[in-house]
Every structure is written in structure tokens, then in C-alpha cells.
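[1] All I have is the shape, not the residue letters:
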């Protein structure tokens, strides 16, 4: 995905996370590229003509809502943080339209913070591997966040671990027809052991 290159700014990552909400990455990628090209800084987004932003974001749906959300977060960054994206989880969570997953993702990928990330896909992986049931809303799954924090690597680049976990949940431990034969966790996966025909 284009936002994974090292040159991506924390603001670019924040825009990506906001656009990715309930939208497939393949859809978001070309829109994000155009967005950060034309509006690379919070002031550019805040001062953009809403109609121009709407046209750019229209392929993703919910165009008016997305325009309002992006301009609200851009304005808040300028008013509270001098146009910079904050690196702390509490400050990120105080931004409008930024939830727990987006805040942790920006802290990890934008600032290299060793923090857990739990989205719907990661919830599924944790639930399957450890045989626990979590709320489908990651904001109401404190045990899953605690588990994800315990699993963080103690050393090495945390961004690679984060992207690896997200890729694993999307490509191997899929919602339907997971590729258990390609999974390195089958020997410890509670869900795999309970599937028909498994031992």
C-alpha cells in the first residue's frame, strides 16, 4: 500500500487511517495518493474547497461525511498542535473522528511507538488463536488490547511487526476460508484444533 513507504508523514498516515475506515485498501490507495499529493498538510485540507475534496473522495462513498471529518481533524491539528500530528495516544484520541485503532496505528507507523493495534481483523486472530470471545467492537475489548500488548516484540522494528500482523490477518487468517495450511500458528491455535477434521 502506498502509505507504507518510509517517506509518508504522520499526517499522511492519519489521512490513510481515516479513509480506510470501513473501506477496502485497494479502493483507498489511488484516492489517498491524489489526496496527499494535492493536500499534503493540515492547512491544505482545512482550506480546501469542500466541493473539490468531495470530488476526490467520491469513489469511496460517504463523500460529505469524509470531507467534514478530514477538515475537522485538520482544523484541530492547526488549532491545538501547530499543524503537527501528535505522537501520544491520549493526544491522538482527542482528535475528532480518531478512534483507538487509528490512534495506535498512527503512533506505531508514524512515530515508531511500541503500542498494540487491535482492529476487527486482529480481534479475529486473537479470538481464534487463544480460543477467547471478544466484543466485535475493539473499543469494548480491553482483554484483546492487553493480549496484543503482551505479544508486542521486545526488540526490533515494531512497524514491521504491525504491518505483518495486519497482513497475516487479511491474507491468511481470513474471515472466510482461512488458509490454515499456510499458517505457522496452527500448532497453538485453539480454533484450528476445534475445526471439523482437525486434531
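    Everything's here; your move. Just so it is clear, the structure is predicted and the values come from calculations on it, not from any experiment.
[2] Show me what whichever strand or helix holds residue 74 packs onto, helices and strands only.
    In this structure, residue 74 is located in helix 63-81 according to DSSP states H and E. On a contact count with 3 or more C-beta pairs under 8 Å, 6 or more residues apart in numbering; DSSP states H and E, helix 63-81 meets helix 10-20, helix 42-47, helix 50-57. In this view, the C-beta of every residue, glycine as well, is placed from N, C-alpha and C.
[3] dump the residue contacts of the nearest residue to residue 39 once chain neighbours are set aside.
    Leaving out its chain neighbours, the residue that sits closest to residue 39 by C-beta to C-beta, 6 or more residues apart in numbering is residue 45, at 4.7 Å. Contacts for residue 45 (C-beta atoms under 8 Å, 6 or more residues apart in numbering) come out as 15, 39, 53, 70, 71, 74.
[4] I figured the fourth one hits residue 52, correct?
    Meaning residue 70. No. Residue 70 is beyond contact range of residue 52, at 11.9 Å (criterion: C-beta atoms under 8 Å).
[5] Neighbour count: these two, which is higher?
    Neighbour count, other C-beta atoms under 10 Å: between residue 70 and residue 52, residue 70 has more, with 25 against 12.
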